[in-house]
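J.: Give me coordinates for this.
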Amino acid sequence: NLAFNRLDISEVCAFSPRTNLRSIAVMQRLNMKDSFQNFFHPTIAAGHPLSKHVLYRINKDRWLALL
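T.: So this is what the prediction gives:
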């Protein structure tokens, strides 16, 4: 609510390693959606289990519709 109302940000993004199922569950509970723009974190070595990340997003209109 702070991001969308007070700061007037149009979209909030969050990312997490693909293997961090608890973080992904939190993003889903917040009604964020998988953007399907997965990426390899640039500061984690290629092939490391934590290198592949998922990107979730929610925009202001979607957030306000949930209230």
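J.: Tyr56 contacts Asn38, doesn't it?
T.: No: contact criterion Cβ atoms under 8 Å: Tyr56 and Asn38 do not qualify, at 10.6 Å. Yep, even glycine has a C-beta here, placed from its N, CA and C like the rest.
J.: Between those two, point out the one with more neighbours.
T.: Tyr56 (21 against 12; other Cβ atoms under 10 Å).
J.: if I look at the more buried one, how far off is Arg29?
T.: Using Cβ to Cβ, to the nearest Å, one gets 11 Å for the distance from Tyr56 to Arg29.
J.: How about Asn38?
T.: 20 Å.
J.: Spatially, what comes nearest to Phe4 if we skip its sequence neighbours?
T.: Lys60 (4.5 Å; Cβ to Cβ, 6 or more residues apart in numbering).
J.: distance of the one you found from Pro17?
T.: 27 Å.
J.: Please enumerate the helices of this structure.
T.: 21-29, 60-66 (DSSP state H).
J.: Tell me which of these approaches Pro49 most closely.
T.: Of all the helices of the chain, helix 21-29 sits nearest to Pro49, with 12.9 Å by Cβ to Cβ.
J.: what mean pLDDT does the closest one have?
T.: Helix 21-29 carries an average pLDDT of 97.
J.: Give me the buried positions along that helix.
T.: 24, 27 (16 or more other Cβ atoms under 10 Å).
J.: Check stretch 52-67 too.
T.: 52-59, 63.
J.: can you list those in a markdown table and add distance to Ser10 and pLDDT?
T.: Formatted as a markdown table, the buried residues of stretch 52-67 follow (distance: Cβ to Cβ, whole Å; pLDDT from 0 to 100):
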| residue | distance to Ser10 | pLDDT |
| --- | --- | --- |
| Lys52 | 27 | 97 |
| His53 | 22 | 98 |
| Val54 | 21 | 98 |
| Leu55 | 16 | 98 |
| Tyr56 | 16 | 98 |
| Arg57 | 11 | 97 |
| Ile58 | 10 | 97 |
| Asn59 | 6 | 96 |
| Trp63 | 10 | 92 |
